[in-house]
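> Mind looking at a prediction? Sequence and model below.
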Amino acid sequence: MSFPARGSVFLAGAALALSVVAVVMAGRSLALDNQGDLIIRSTTRLVQMSVVAQDKQGRPVVDLKREDFELFDNGKRCPISIFVVEAPGIASQPQSVPRNTFTNQFARTAGVRSAHAVILLDWLNTGWEDQARTRQQVIRMLQRIEPNDRIALYVLDRKLKVISEFGGDTAALLEKLAALRADPVNWGQVEATGTDDASVSTLDGAIFPGRIGGRHHAPESDSPKEEQTFLLDQRVRETLRAFEEIAAHLASVPGRKTLIWVSAGFPLNVRWSGADGAAPHERDYTAEVRRIIQKLNNADVAVYPIDSRGLTASPTGYDSIWTMDRIASRTGGLAWYERNDLDVGMRTALDDIRFTYTIGFYPPADATHTFHKVRLQVRRHDVMLRYREGYYLDRPGEPYPQNKETEVTQALLSPVDSTAIPITIAATRKRDAVTLRLSVDAGGLDFVRENDRWHAKLELGVRFAAPDGNQVGSLVSQTAEFNMRPQAYEDALRNGLVLEIPLQILPNATVLKQWVRDVSSGKIGTLSIPLKMVTED
């Protein structure tokens with residue numbers, strides 16, 4: 001059964017070029033109607049946490065059972081509803097996909113679940129003099145990786161860049177890394193004083209040599225405090241944006257993932273004096289960091305900050321160390337600082353994901369909608385646990401505030417695809433005409449039950465890009481609504497939602513990027529397809 005367009009474009013462009021969008025499920029069409037008034041929403045949600053268990057020598061403890069653990073949520077004991085052992089396995093060759101078939105899901109390999117790690121060289125927040133040493137430390141660590149290690153290497157300078165994705169050849173990766181240089185950018189590094197109870201920086205004595213992270217002081221007249229604040233703000237926002245893109249990229253990978261953040265960090269709070277005796281100004285990033293931590297936790301990504309300054313970090317840089325500690329503890333990672341053996345810190349992060357436990361529980365019925373402190377203990381005195389220290393509980397139906405246009409635009413411009421909504425596309429091409437058979441994993445969507453129907457609303461669209469990444473033509477979108485009977489809903493969970501989308505390939509376009517957004521949850525899935533990979537029958 002076909003349905004007409006519902007909704008309008010919220011980004012630049014005309015309506016998506018769909019003469020017909022067929023919704024097919026298990027060999028039959030889905031009825032799209034609007035019956036039912038009562039909306040039932042779930043008021044509880046499962047919280048899942050990855051747990052690293054080690055003995056006093058740092059070796060993984062592999063024989064723990066569900067009954068060995070006790071969990072407390074804000075001091076209240078909670079039963080453990082899910083207990084999964086994430087054990088390492090023997091890697092096999094990834095399963096091949098048919099010709100002209102593409103997916104945003106990671107290649108599946110037998111027996112390997114918890115071994116994905118992203119190394120992020122954060123040159124946006126690292127001084128020139130530390131970059132060469134950091135690069136050599138990463139090379140040293142990569143020379144000792146094991147066959148089952150799945151490592152991706154990204155760089156952050158002006159924006160997030162992919163150097164090597166998971167499954168890349170190690171020799172080629174080392175060659176790229178040895179030749180890697182940061183793009184010069186006139187965003188300075190702020191060094192400042194911290195406090196005992198918060199990460200607070202002052203712009204007095206800040207440094208701006210015209211390159212990232214330099215430590216030579218510039219004359220005060222050459223660096224107005226307003227400009228310093230603007231540049232710091234840009235650095236912090238670009239760093240958090242990179243974290244968000246990585247979390248979205250790893251969202252569908254099962255088990256614990258690791259983000260190894262090699263950086264000099266940034267402060268959570270900045271203060272500067274007002275002119276002519278005016279009250280001091282302050283910029284606080286706590287809310288923004290909390291939002292990103294929430295996204296990292298939802299994707300089960302633990303952050304391991306590695307201080308690129310090693311032992312050369314000055315006491316005035318402790319505010320950024322405080323930020324690193326906070327992000328690490330809130331995601332279940334470990335901050336590595338005031339040491340020169342950065343490769344050992346990276347190796348520690350990789351070792352932590354070799355054997356983990358996944359524990360799931362439901363918040364108490366009277367739980368408040370705020371940050372919840374979680375305490376996990378094990379009935380063995382010789383076991384040390386590492387896990388994130390808590391979670392944020394949102395009100396039902398009220399996800400963390402977000403701007404739809406900004407989120408979609410960010411996902412479309414990201415160099416990595418978002419896997420929060422699993423997407424598979426089978427493409428059929430005839431010259432400059434292509435038909436996309438888009439399959440959306442219904443299990444990744446937030447359906448709402450209305451009486452005896454299951455309802456979901458999707459926004460989807462396509463972006464064409466030229467070889468330089470610039471957009472070709474207009475960015476367009478379409479809305480699709482589903483109101484399914486129980487049997488159709490069960491079929492959707494088993495087989496996915498399938499939509500057929502005919503398109504005309506625009507001149508000079510080399511990449512097609514499909515995006516799908518779940519209106520209820522705000523989750524976004526994207527899939528990039530190089531058009532040269534779509535061959536004619």
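That came through, no problem.

> Please list the outside residues in contact with stretch 337-353.
52, 58, 60, 114-117, 119, 134, 137-138, 140-141, 144-145, 149, 151, 255-258, 260, 262, 302, 304-311, 313, 321, 324, 333-334, 336, 386 (CB atoms under 8 Å, 6 or more residues apart in numbering). In this view, the C-beta of every residue, glycine as well, is placed from N, C-alpha and C.

> Any buried residues in it, and which?
337, 342-343, 345-353 (16 or more other CB atoms under 10 Å).

> nearest to residue 487, of these?
Ranked by distance to residue 487 (CB to CB), these are led by residue 353 at 40.1 Å.

> So what does that closest one look like in phi/psi?
As for residue 353, its main-chain torsions (degrees, to the nearest 10) stand at phi -100, psi 10.

> ok, it to residue 151 distance?
11 Å (CB to CB, to the nearest Å).

> Give the residues shared as contacts by the two.
With CB under 8 Å, 6+ apart, residue 353 and residue 151 have common neighbours residue 117.

> Give me the most central residue, the protein.
Taking CA atoms, centre = their mean as the criterion, residue 247 is the residue nearest the geometric centre of the chain, at 1.0 Å.

> Between the two ends of stretch 258-268, what distance do you get?
Start and end residues of stretch 258-268 are separated by 22 Å (CA to CA, to the nearest Å).

> for the record, mean pLDDT for it?
Averaging pLDDT along stretch 258-268 yields 92.

> Select the longest helix from this structure.
helix 225-250 (DSSP state H).

> What's the first helix or strand after it?
Counting by DSSP states H and E, the next helix or strand C-terminal to helix 225-250 is strand 257-263.

> what's the spacing between residue 368 and residue 80?
21 Å.

> what do you get for residue 366?
From residue 366 to residue 80 the distance is 19 Å (CB to CB).

> Compare neighbour counts for the two and give me the winner.
residue 80 (15 against 6; other CB atoms under 10 Å).

> So that one belongs to a strand, correct?
No - using DSSP: H, G, I helix; E, B strand; the rest coil, the secondary structure at residue 80 is coil, not a strand.

> can you count the residues close to residue 130?
Based on other CB under 10 Å, the number of other residues close to residue 130 is 22.

> ok, now residue 424?
Residue 424: 18 surrounding residues under other CB under 10 Å.

> swap in residue 521?
The burial count for residue 521: 14, using other CB under 10 Å.

> Check whether it sits in a helix, strand or coil.
coil.

> Would you mind measuring from the residue nearest to the centre of the chain to residue 292?
Residue 247 is 7 Å from residue 292, by CB to CB.

> quick one on the thing from earlier: out of the buried residues of stretch 337-353, who's nearest residue 476?
Nearest to residue 476 among these, with distances taken as CB to CB, is residue 353, at 40.0 Å.

> quick one, domains of this structure?
Domain ranges of the chain: 2-41+404-533, 110-356, per automatic domain parsing.

> Surely residue 149 and residue 117 touch.
Yes - applying CB atoms under 8 Å, one finds residue 149 in contact with residue 117, separated by 7.1 Å.

> between those two, who's got more neighbours?
When residue 149 and residue 117 are compared for neighbours, residue 117 comes out ahead with 25 against 18, by other CB under 10 Å.

> Need the worst-confidence member of the buried residues of stretch 337-353.
Ranked by pLDDT, the buried residues of stretch 337-353 bottom out at residue 353, which scores 81.

> Count the residues that sit near residue 137.
Neighbours of residue 137 using other CB under 10 Å come to 21.

> how near is the residue nearest to it when sequence neighbours are not counted to residue 117?
Spatial nearest neighbour of residue 137, excluding adjacent residues (CB to CB, 6 or more residues apart in numbering): residue 342 at 4.0 Å. Residue 342 sits at a distance of 15 Å from residue 117 (criterion: CB to CB).

> Give the burial count for the nearest residue to residue 54 once chain neighbours are set aside, as a bare number.
Once flanking residues are discounted, residue 54 sits nearest to residue 384: 5.3 Å by CB to CB, 6+ apart. Using other CB under 10 Å, residue 384 has 12 neighbouring residues.

> OK, contacts around residue 384?
53-56.

> Please identify, among those residues, the one with the most neighbours.
residue 53 (23 neighbours).

> Now do the phi/psi pair for the residue nearest to residue 433 when sequence neighbours are not counted.
Closest residue to residue 433 apart from its sequence neighbours, by CB to CB, 6+ apart: residue 504 at 6.0 Å. Backbone torsions of residue 504, given as degrees, to the nearest 10, read phi -110, psi 120.

> and what of residue 416?
Dihedral angles for residue 416 - degrees, to the nearest 10 - are phi -120, psi 150.

> and the gap between it and residue 471?
Taken as CB to CB, the span from residue 416 to residue 471 is 18 Å.

> same deal with residue 490?
Distance of residue 490 to residue 471, given as CB to CB: 39 Å.

> Look at residue 137 and tell me its secondary structure.
Residue 137 ends up helix, using three-state DSSP.

> okay, stretch 166-183 in PDB with CA atoms only?
Provided in PDB are the C-alpha atoms of stretch 166-183 (Å, rounded to 0.1, in the frame of the first residue of the first chain):
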ATOM      1  CA  PHE A 166      37.600  -0.500  12.300                       C
ATOM      2  CA  GLY A 167      39.100  -3.400  10.400                       C
ATOM      3  CA  GLY A 168      41.700  -1.300   8.700                       C
ATOM      4  CA  ASP A 169      45.200  -2.700   7.900                       C
ATOM      5  CA  THR A 170      47.500  -2.000  10.800                       C
ATOM      6  CA  ALA A 171      50.600  -1.500   8.600                       C
ATOM      7  CA  ALA A 172      48.700   1.100   6.500                       C
ATOM      8  CA  LEU A 173      47.400   2.800   9.700                       C
ATOM      9  CA  LEU A 174      50.900   3.100  11.100                       C
ATOM     10  CA  GLU A 175      52.100   4.700   7.900                       C
ATOM     11  CA  LYS A 176      49.300   7.200   7.900                       C
ATOM     12  CA  LEU A 177      49.900   8.000  11.600                       C
ATOM     13  CA  ALA A 178      53.600   8.600  11.100                       C
ATOM     14  CA  ALA A 179      52.900  11.200   8.400                       C
ATOM     15  CA  LEU A 180      50.000  12.800  10.200                       C
ATOM     16  CA  ARG A 181      50.100  16.500  10.900                       C
ATOM     17  CA  ALA A 182      47.400  18.800  12.400                       C
ATOM     18  CA  ASP A 183      45.800  21.600  10.300                       C
END
